[in-house]
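Asker: heads up, no residue letters with this:
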DNA sequence: CATTAATAGTTAAACAGTTGAACAGTTAAA
DNA sequence: TTTAACTGTTCAACTGTTTAACTATTAATG
């Protein structure tokens, strides 16, 4: 008990992160409806946050190949959610931005998620939440360093 | 700062959980190699833990339709990792277990993950890890309740 | 300047994972 | 016994992914 049992830790972490991720995805999907897949929602969210970005940037952030981004962006472009604009200075580059429709859809999704979280957040006290997110972000950094050292 | 800003919280949580999940998946994939996809690894892990289960149970746990399980189990069955055994009492039911090959592959993957975690775990102190997992599991329970109340 | 490198993004084939609907076989309920 | 419920499968269609080859453009090098 005092010595950290790595096997138990790995089992617990994998089980809980897997479970939470599935449940959160399922809840979000119920809220958002069938307009948007989860990956499309994350893409919308990211572009909304940064305002404008490129395919290469998305591939870096999502840790997938550029061709995967092309496919996903094309599907969202077909739905009228995303705009592609060529850079006039460097004509290789294509800037991705949200259309009005994309922004609206994101705002609607965001509102529903906000309400959902609001209804759940009172189960935790603020210090606990704060510490949880801090550790989670620390884990993210540790993983980044590990990857950089490959 | 004292009042919890839900929007910021949601943004931070989604960003960090998305990022950690991607990085962890990528690290695990590097360790395990191309023998196994992440979902197949999780499936192997689950069946290893419970010993034996059914398609319906997997569908419940993974929160997907049964037809998705059939497809995935078939792929793993073709690789010789999983065995299907009909229940003689209720001939609708099929029990899923790991073959020797499945168990070996799981053990190998588990060892590599173990070593990986061992190399990262010293970045955190034990109390922090303990508290983090506790809160994560609490979140899992809260999400379960919320889903049950749908 | 001309040729060669590198970069940004796309396309196409192939695969894993997913849903939804229809179905077969089996068991339980009426 | 007929009807209803359940377990698992099949099939078509879709999203997301990788790999490899490709286009177009820009940067670097001689």
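Answerer: Perfect, I can see it now. What you see is a predicted model, and the numbers here were worked out from it, not measured in a lab.
Asker: and stretch A:63-74 with DNA strand D, contact?
Answerer: Yes. Against DNA strand D, stretch A:63-74 shows contacts by Cβ under 7 Å from any atom of the strand at A:63, A:64, A:65, A:67, A:68, A:71, A:72. Glycine gets a C-beta too; all of them are placed from N, C-alpha and C.
Asker: For the residue lying closest to the third one once chain neighbours are set aside, give me its contacts.
Answerer: For residue A:65, the nearest residue in space outside its immediate sequence neighbours is residue A:59; the separation is 6.2 Å by Cβ to Cβ, 6 or more residues apart in numbering or on different chains. Contact analysis of residue A:59 by Cβ atoms under 8 Å, 6 or more residues apart in numbering or on different chains lists A:65, A:66, A:68, A:69.
Asker: surely residue A:135 meets residue B:125?
Answerer: No. Taking contacts as Cβ atoms under 8 Å, residue A:135 lies outside contact range of residue B:125: 10.4 Å.
Asker: which of the residues in the lowest-mean-pLDDT helix or strand in chain A are buried?
Answerer: Least confident helix or strand of chain A, by mean pLDDT, DSSP states H and E, is helix A:6-32 with a mean of 85. Across helix A:6-32, burial judged by 16 or more other Cβ atoms under 10 Å in any protein chain shown covers A:9-10, A:12-24, A:26-28, A:32.
Asker: now swap in stretch A:66-76 and tell me
Answerer: Neighbour counts using 16+ other Cβ under 10 Å place A:69, A:72, A:73, A:76 of stretch A:66-76 among the buried residues.
Asker: So is the helix or strand where the third one lies next to DNA strand C?
Answerer: If I follow you right, that is residue A:73. Using DSSP states H and E, residue A:73 sits in helix A:66-78. Yes. Against DNA strand C, helix A:66-78 shows contacts by Cβ under 7 Å from any atom of the strand at A:66, A:67, A:69, A:70, A:71, A:73, A:74.
Asker: for stretch A:16-32, same thing?
Answerer: No. Stretch A:16-32 does not reach DNA strand C (Cβ under 7 Å from any atom of the strand); its nearest approach is 8.2 Å.
Asker: Make CSV out of the buried residues of stretch A:66-76 and add pLDDT.
Answerer: Compiled in CSV, the buried residues of stretch A:66-76 are given as follows (pLDDT from 0 to 100):
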residue, pLDDT
A:69, 98
A:72, 98
A:73, 98
A:76, 98
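Asker: For those, which two are the farthest from each other?
Answerer: Farthest-apart pair in the buried residues of stretch A:66-76 is A:69 and A:76; separation 10.4 Å (Cβ to Cβ).
Asker: How about the contacts made by residue A:99?
Answerer: By Cβ under 8 Å, 6+ apart, the contact set of residue A:99 is A:80, A:81, A:82, A:83.
Asker: Of the residues you listed, keep whichever come out buried.
Answerer: A:81, A:82, A:83.
Asker: with these in mind, which one is nearest to residue B:90?
Answerer: Using Cβ to Cβ, the buried ones among the contacts of residue A:99 come closest to residue B:90 at residue A:81, 47.8 Å.
Asker: just checking, the closest one touches residue A:98?
Answerer: Yes. Contact criterion Cβ under 8 Å: residue A:81 and residue A:98 qualify, at 6.7 Å.
Asker: Which neighbours do these two have in common?
Answerer: Joint contacts of residue A:81 and residue A:98 (Cβ under 8 Å, 6+ apart) are residue A:44.
Asker: pretty sure residue A:83 is in a strand, no?
Answerer: Yes. Assigned with DSSP: H, G, I helix; E, B strand; the rest coil, residue A:83 falls within a strand.
Asker: Do you know the pLDDT at it?
Answerer: Residue A:83 is assigned 98 on the pLDDT scale.
Asker: ok, back up a step: show me which of residue A:135 and residue B:125 is the more surrounded one.
Answerer: residue A:135 (19 against 10; other Cβ atoms under 10 Å in any protein chain shown).
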